[in-house]
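Asker: What shape does this take:
(one chain, ligands or ions: 1)
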Amino acid sequence: MQPETLALHYANYQDKNAAAVVPPIYLSTTYERDENYELPAGYLYTRAGNPNRQQLEQALATLEGGQEAVAFASGQAATMTFFQCLKPGDHVLLPDDAYYGTPSLLQDFFVAWGLTFSKVDTTKIEEVENAIRPETKVIWLETPSNPQLKVSDLAAITTLAKKYNIITVCDNTWATPLLQRPLDLGCDVVMHSTTKYLGGHSDVLGGALIFKSKSELSERARQLQTLGGAAPSPFDCWLVTRGIKTLAVRMRQQAANAQRLAEFLEGHAAVDKVHYPGLPTHAGYEVSQRQMTGGGAMLSVQVKGGAEEALHLIKKLQLFTAATSLGGVESLIEHRASVEGPDTLTPKNLLRISVGLEHADDLIDDLTQALAGL
Ligand code: PLP
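Answerer: Okay, here's the model as predicted:
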């Protein structure tokens, strides 16, 4: 089945009580035992399991092609859980460009618990191999990366990782399973911030780990979800499941809009550089053509000048909301260096754009008027 059908099929629900087409939200935290003191539907207590969460996990596992999905209250809770599954002394390799919260979690918390990590340019396979240590347990990948949209070759890295018995995890938040399926390319685990494209409407926080196969690792993640308790609420699960139903059409249109914006910006005199995997000039174009079915709906642009010019452009835009986050139906723009703080390696003239569902002509008109003043 194609992703459009899978998304709808698994996000739909057969309601035995009222034959409702849209699933009810099970707010009950606890479930009644029957006369034999059994749990008729298998649910005990909502931290341990909930129908809405189970439905979301089934949809996520199906879309990514995994055997098991474990949903969390945020993307960061999913990432944190993955690191909690490791042991003191384990080493993690991270991309040099990645969502800043991932290295921050390791640096600020997990180093004290005995994990070590180092950053490497995961777009260069020989650098990845050179960075592997005897204690390297995990290669964490994020492609396209946040915010510079670097593209890493998943098939090549997972082949290398298998040689050294290393687990590979891919943060697939930006591409989504519609454009890229890391588990099919050899990854062991996919991580998502479902807050973004899967939810799709900037109104719900969530995260997930999806495992290629059920294993000791996936069981540990499940135990951390139910025992540790960073589980998503039933309503949040319901919202993400609803978002998944329209993922395919949203993603396709938003990616088409992003392609047009990237092409427009690349030719503009006030622009220094555009980072978008769908542009033939992008360093990762060839790999992205192989492993993605579109360039995605995120792009970054470096304007001529520095932070002042970049912030001035944001002020002049009318249709792009100046806000953090991404993946909703509305276009957002953000000066990442301001958000990431003084240690950031993100260029000061870089603006990250989450391209929405507005008409591409209107977005281009807005960019034209705002860039005219630079
Ligand atoms: N991974 C990526 C690529 C992200 O962009 C984000 C958030 O922006 C996260 C992880 C963290 O997810 P959350 O904000 O849902 O905790």
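
Asker: So the residue nearest the centre of the chain versus the ligand, what's the distance?
Answerer: Nearest residue to the geometric centre of the chain (C-alpha atoms, centre = their mean): Thr173, 1.4 Å. To the ligand, Thr173 is 4 Å away according to C-beta to the nearest ligand atom, to the nearest Å. Quick note: C-beta positions are derived from backbone N, CA and C, even for glycine.

Asker: Contact partners for that residue?
Answerer: Taking C-beta atoms under 8 Å, 6 or more residues apart in numbering as the criterion, Thr173 is in contact with 75, 99, 142, 146, 191-193, 196-197, 327.

Asker: Can you name the residue of the chain nearest the ligand?
Answerer: Going by C-beta to the nearest ligand atom, the ligand is nearest to Gly75 of the chain, at 2.4 Å.

Asker: does Gln302 sit in a helix, a strand or a coil?
Answerer: strand (DSSP: H, G, I helix; E, B strand; the rest coil).

Asker: Pull up the per-residue confidence for Gly356.
Answerer: For Gly356, the model assigns a pLDDT of 98.

Asker: Ok, Tyr13 next?
Answerer: pLDDT recorded at Tyr13 is 65.

Asker: wait, doesn't Pro23 sit right on Thr241?
Answerer: Yes: with contact defined as C-beta atoms under 8 Å, Pro23 reaches Thr241; the gap is 7.3 Å.

Asker: shared neighbours, those two?
Answerer: The contact sets of Pro23 and Thr241 overlap at 52, 55 (C-beta under 8 Å, 6+ apart).

Asker: who's more crowded, these two?
Answerer: Thr241 (28 against 18; other C-beta atoms under 10 Å).

Asker: Got the phi and psi for the residue of the chain closest to the ligand?
Answerer: phi -60, psi -40 (degrees, to the nearest 10).

Asker: Assess the claim that it and Val190 are in contact.
Answerer: No: checked against C-beta under 8 Å, the pair Gly75 and Val190 is beyond contact range at 11.8 Å.

Asker: Mind checking which of those two has more residues around it?
Answerer: Neighbours were counted for Gly75 and for Val190 using other C-beta under 10 Å; Val190 has more, 30 against 23.

Asker: what's across from the residue nearest to that one when sequence neighbours are not counted in the sheet?
Answerer: Among residues not flanking Val190 along the chain, Ile210 sits closest, at 4.4 Å (C-beta to C-beta, 6 or more residues apart in numbering). Ile210 has the following beta-bridge partners by DSSP bridges: Ala69, Val190.

Asker: What residues does Ile210 make contact with?
Answerer: 60-61, 64, 66, 68-70, 183, 189-192.
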